[in-house]
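**Q** when you get a sec, could you give me coordinates for this:
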Amino acid sequence: MKVEFTREAEDELVDATLWYESKESGLGTRFRDEISRVVARIGEDATLWRIYRVDSDTVIILYVMRSERLLRSYVLDQRSADA
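**A** The predicted structure follows:
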């Protein structure tokens, strides 16, 4: 299955990569490599993840976060905004 990122998710991925790289040289690259592996797994079985939506044969990555706590906060904020 094809996997795409929303513009917001791509921006978050770039920001997270830069943040990790600022903490340790090479860490941003390792983070980006791990994201690539996860995206490949999402394409194989999208039911394992909850950061996406599926449009026909494309999985769309909605957001990328550095920590579970930030992710929870982000999801709650999005739900509040939609209410």
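**Q** from here on, just use CA atoms for contacts and neighbour counts.
**A** Fine.
**Q** and Arg32, what's its pLDDT?
**A** Note on Arg32: pLDDT of 92.
**Q** any idea how far Glu8 is from Leu18?
**A** 15 Å (Cα to Cα, to the nearest Å).
**Q** so which of the two has more stuff around it?
**A** Leu18 (16 against 13; other Cα atoms under 10 Å).
**Q** the more buried one contacts Gly28, correct?
**A** Yes. Counting by Cα atoms under 8 Å, Leu18 touches Gly28, with 6.1 Å between them.
**Q** burial measure for Ile61, as a count.
**A** 22.
**Q** surely it meets Val3?
**A** Yes. Between Ile61 and Val3 there is a contact at 7.1 Å, judged by Cα under 8 Å.
**Q** any common contacting residues for those two?
**A** Common neighbours of Ile61 and Val3, counting by Cα atoms under 8 Å, 6 or more residues apart in numbering, are absent.
**Q** and the helices in this structure?
**A** Along the chain, counting by DSSP state H, helices occupy 7-23, 27-44, 68-82.
**Q** may I see the buried residues of the first one?
**A** The reference is to helix 7-23. Across helix 7-23, burial judged by 16 or more other Cα atoms under 10 Å covers 9-10, 12-13, 15-18, 20-21.
**Q** CSV for the residues you listed, including distance to Val39?
**A** Converted to CSV, the buried residues of helix 7-23 look like this (distance: Cα to Cα, whole Å):
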residue, distance to Val39
Ala9, 12
Glu10, 13
Glu12, 15
Leu13, 12
Asp15, 17
Ala16, 16
Thr17, 15
Leu18, 19
Tyr20, 19
Glu21, 20
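**Q** kind regards, and thank you for your time.
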